[in-house]
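# how would this look folded up:
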Amino acid sequence: MSYQRVETASREELSAIQLNRLQETVERVYENVPFYKQKFDELNVKPEDIKSLDDIRKLPFTQKHHLRENYPFQLFAVPQEDIVRLHASSGTSGKPTVVGYTENDINHWAECIARAIVAAGGKKSDIFHNAYGYGLFTGGLGLHVGAEKLGCATVPISAGNTERQISIIEDFKPRGIGGTPSYVLNIAEKMEEMGKNPADTSLEYGIFGAEPWSETMRERLEEKLGIKAVDIYGLSEVMGPGVAIECHEAQHGLHVQEDHFFIEVIDPDTLEPVPEGEDGELVFTSLTKEALPIIRYRTGDLGAITREKCKCGRTTVRMSRVKGRIDDMLIIRGVNVFPSEIERYLLQIKEIVPHYQIHLTQNGTMDSVELHVEADEEYYNACNKDTNHPRIKELAKKVQHSMKSNCLVTMNVKVLEPKSIPRSQGKAVRIVDRRNEEAALN
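The predicted model follows:
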């Protein structure tokens, strides 16, 4: 079945594809992965028990710690000689999660990315500027194989060396760009510093992901660069980028590649499914992965799904943009808040720029937040380049009021001079947690 045929298939056709591939996947993991055989046996579930898509609820959940506990290759379902690539997480909070790919896995991944680029507005004749980081991180190589699969002339520039990025964009004249939103914004700002107008380049669309970003950030990127900015979703444990993508026509929900992945939304506390349209934890089951097939992977990402047909004509289920991660949620004096919520309201204040950091500190036994923001250069110059100027203090109060009104959290706000917050060369560092340091000092 062609890409277009799958993406516009009826619900009955998609369900039939999914059930057949789910049954094959369940049999594969039961026969080849001791971890899953043990989990299935504990639940008294056999592969032949999966007779409908609803039967997926009989299967066990998989979580990140399971990958770490089976480090590095114990969850692989194929012999080592069939593995053609390995990716891994940074491992900053423990053992890294390791993902393997067979040749078929790479081909399927490339297919998903190729579809994603088309959904974003790309086409075969494009030059595609790939500013995602290459290496063990899946972003760079994931977009690379998909752009080549589509037939794009792919520029594997990776992240960093911003002035060279600008030179390549000007000389090669790419139509599409991929990268983290914070880093591509950094490229645009560097162009402005150099006296160039970022909106005057050849770029027409951007594919952004790998970090949470708000609608306000989308508006900033589109305004500065004169492009359509779409959100791409993925995670290495499931595949990498390309699990879902926004279409450029609607930019309203990400189309899940349903012939390769089955999506559920559950209540993270009860683990029961939530109604369509309601927020919950996103759960994915891979349907075509050979090396590391994964069953009901709890992503920790919060979102919702809809099966309403999109105006672009695609019939695949759409997931909302991720609202936040369960483990990124801040609990400040009993109030739950996500960094993406802070960004959403922060970037509506025109006197500051889209760079910020959330510093978590401790005031006695209570957690508190100190929000670091940068004044817009024009505003800062009008304040005589003085962070103690009365207008800077008024701006700090304005930001504080917005956070209190919209996020229900009282924050200390520091308005800093322009360019004082470190710029992203990949994923932006939004949260700086100083609580353990302060506890040690006390």
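# where does the residue nearest to residue 265 when sequence neighbours are not counted land on pLDDT?
Leaving aside its sequence neighbours, residue 265 sits nearest to residue 280 (C-beta to C-beta, 6 or more residues apart in numbering; 4.1 Å). Placement of C-beta: from N, CA and C, glycine included. pLDDT recorded at residue 280 is 96.
# my guess is residue 280 meets residue 301, correct?
No: Residue 280 lies out of contact with residue 301 (C-beta atoms under 8 Å); the separation is 10.0 Å.
# quick one on the thing from earlier: distance check, the residue nearest to residue 265 against residue 14.
Distance check for residue 280 against residue 14: by C-beta to C-beta, to the nearest Å, it reads 21 Å.
# Strands of the stretch 301-442 of the chain, start to end?
305-306, 318-319, 324-325, 330-332, 335-337, 352-363, 366-375, 412-416, 431-433 (DSSP state E, counting those that start in this stretch).
# Could you tell me the least trusted of these?
Of all the strands of the stretch 301-442 of the chain, the minimum mean pLDDT falls on strand 330-332 (a mean of 77).
# Could you list the paired strands of it along with their orientation?
strand 335-337 (antiparallel) (DSSP bridges).
# Buried residues of the strand it pairs with, list them for me.
Applying a neighbour-count criterion of 16 or more other C-beta atoms under 10 Å, one finds residue 337 buried in strand 335-337.
# Make 58 the first number, not 1, from now on.
Shifting the count to begin at 58 puts that one at strand 392-394.
# How about residues contacting that strand?
386, 387, 464, 465, 466 (C-beta atoms under 8 Å, 6 or more residues apart in numbering).
# now do stretch 83-98
With C-beta under 8 Å, 6+ apart as the contact definition, stretch 83-98 has outside contacts at 103-104, 107, 116-117, 123, 127, 131-135, 347, 350, 352.
# Pull the distance from that stretch to the chain's centre.
Remark: stretch 83-98 is offset 29 Å from the chain centroid, using C-alpha atoms, centre = their mean, to the nearest Å.
# Name the SS class of residue 291, please.
Following DSSP: H, G, I helix; E, B strand; the rest coil, the label given to residue 291 is strand.
# Need the max-distance pair from the contacts of strand 392-394.
386 and 465 (13.6 Å; C-beta to C-beta).
# any low-confidence regions in this structure?
Applying pLDDT under 70 to the chain flags residues 58-60, 148-150, 420-423, 493-499.
# Residue 476: what's it in contact with?
Counting by C-beta under 8 Å, 6+ apart, residue 476 touches residue 431.
# rerun at 10 Å
Applying C-beta atoms under 10 Å, 6 or more residues apart in numbering, we find residue 476 in contact with 246, 250, 410, 412, 431, 434.
# and the nearest residue to residue 338 once chain neighbours are set aside, what element?
With sequence-adjacent residues excluded and distances taken as C-beta to C-beta, 6+ apart, residue 338 is closest to residue 325, at 4.3 Å. Assessed by DSSP states H and E, residue 325 sits outside every helix and strand.
# which residues sit in contact with residue 325?
When contacts are counted by C-beta under 10 Å, 6+ apart, residue 325 touches 331, 337, 338, 340, 355, 357, 359, 383.
# go on, residue 406?
Contacts of residue 406 by C-beta under 10 Å, 6+ apart are 273, 430, 433, 452, 455, 456, 459.
# Just the buried residues from the residues you listed, in ChimeraX please.
Buried subset of the contacts of residue 406, written as a ChimeraX selection, criterion 16+ other C-beta under 10 Å:
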select :273,430,452,456,459
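# Give me the subset of the contacts of residue 406 lying in helices.
Using DSSP state H, the subset of the contacts of residue 406 located in helices is 273, 452, 455, 456, 459.
# Show me the helices in the chain, by range?
In the chain, the helices defined using DSSP H lie at 60-64, 68-89, 91-99, 121-126, 160-176, 195-207, 219-229, 238-250, 272-282, 396-403, 434-439, 447-464, 492-498.
# coming back round to it: what would the contacts of residue 406 look like in CSV with distance to residue 153?
Supplementary listing: those in CSV, determined by distance: C-beta to C-beta, whole Å:
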residue, distance to residue 153
273, 33
430, 33
433, 39
452, 42
455, 42
456, 37
459, 38
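# Quick check: the two most widely separated of the contacts of residue 406?
273 and 452 (17.3 Å).
# tell me, what residue is most central in this protein?
In the chain, the C-alpha nearest the mean C-alpha coordinate belongs to residue 267, at 3.8 Å (C-alpha atoms, centre = their mean).
# That one: what's it in contact with?
189-190, 194-197, 216, 235-240, 289-292, 298, 483-485.
# ditto for residue 153
Going by C-beta under 10 Å, 6+ apart, residue 153 touches 124, 125, 128, 129, 144, 145, 146, 147, 193, 293.
# cool, and residue 486?
239, 268, 414, 415, 478, 479.
# how far away is the second one from residue 274?
In other words, residue 268. Distance from residue 268 to residue 274, counting by C-beta to C-beta: 10 Å.
# More neighbours: which of the two?
Set side by side, residue 268 and residue 274 show more neighbours around residue 274, with 22 against 18, by other C-beta atoms under 10 Å.
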